[in-house]
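Asker: Below are the sequence and a predicted model for it; my questions follow.
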Amino acid sequence: MPEWTAKLLGLGRVSVSARKLDQPKRSWESVGSFGTTVAAVCKRCNTGWMSQLENLAKPILTRMIRPKGTVTLGSDEQVVVASWLWKLAIVHEYPSKVRYFTDDERQCLIRGDAPTPYGVHMWISAYSGSMVGNLRGGPSTFSAPDGRTVQGFLSSMTLRRFAAQILCVREMSDANISTVSRFNFTGAEVLLWPERDAALQWPPPVAALTDDLFYRWHLRWNDGDDFES
């Protein structure tokens, strides 16, 4: 999570935990930050286009992280939030040491392009649970009833009252891929991406995600309750 989000939330001493699949959880304390740095970003990018994106996203995300009422996102603001989530997903991929995104997908924001609309969906929701910040997911494998598999990426996150999810599934030349959710979150989420011209309103009309509902939200694309990416 960017450092400005820690300052926005006024983080004091917080408990931080991280876990990779099939490995024990690590826990530590941090003061004034989320306690994790991904050392995979060059200084030129960190102080250049990434900083510019953070500056664009900060006033938009602030209204949802610490909301004071209904937030209306125009089409340009939706692109900014989608680009910020795309950047977060790509950076978050590094700790897993498993790569999903291609070089072209990694460099689209550097070129000033938006995330690809092909095989990529993003939703935003509201969160009412106990965690200050939460980020889970990563490169994933999706299976079809006939046994074929396709690589994908799934990430769900929260920052205070803001929640978002990214689902990426590679297109296959010989198949029409459709992901199927096991749980219905109609009314509890808003489709942010692919891009559209109409404005959207946040929070969604249905009650915000509790900790349990957020966990189900993240697991809805998987075929077993015990899966955690």
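Answerer: Nice, thanks for sending it over.
Asker: check which helix or strand covers residue 152.
Answerer: Using DSSP states H and E, residue 152 sits within strand 149-159.
Asker: could you give the mean pLDDT of that strand?
Answerer: Strand 149-159 carries an average pLDDT of 91.
Asker: Let me see the contact set for the nearest residue to residue 157 once chain neighbours are set aside.
Answerer: Spatial nearest neighbour of residue 157, excluding adjacent residues (Cβ to Cβ, 6 or more residues apart in numbering): residue 135 at 4.5 Å. C-beta coordinates here come from the backbone N, C-alpha and C atoms, glycine included. By Cβ atoms under 8 Å, 6 or more residues apart in numbering, the contact list for residue 135 reads 1, 88, 92, 155-157.
Asker: Report how many residues lie close to the spatially closest residue to residue 160 that is not a sequence neighbour.
Answerer: Leaving aside its chain neighbours, residue 160 sits nearest to residue 65 (4.8 Å; criterion: Cβ to Cβ, 6+ apart). When neighbours are counted by other Cβ atoms under 10 Å, residue 65 registers 18.
Asker: Kindly report the same for the one 10 residues further on.
Answerer: The criterion is other Cβ under 10 Å. On that basis, residue 75 has 12 neighbouring residues.
Asker: hmm, back to that, can you put the contacts of residue 135 in CSV and add neighbour count and distance to residue 191?
Answerer: Below are the contacts of residue 135 laid out as CSV (neighbours: other Cβ atoms under 10 Å; distance: Cβ to Cβ, whole Å):
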residue, neighbour count, distance to residue 191
1, 19, 23
88, 18, 18
92, 20, 21
155, 24, 16
156, 23, 15
157, 22, 16
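Asker: Would you confirm that the residue nearest to residue 160 contacts residue 162?
Answerer: Yes - Residue 65 lies in contact with residue 162 (Cβ atoms under 8 Å); the separation is 4.8 Å.
Asker: in this structure, which helix or strand is least confident?
Answerer: Of all the helices and strands that make up the chain, helix 43-46 has the lowest average by mean pLDDT, DSSP states H and E, namely a mean of 56.
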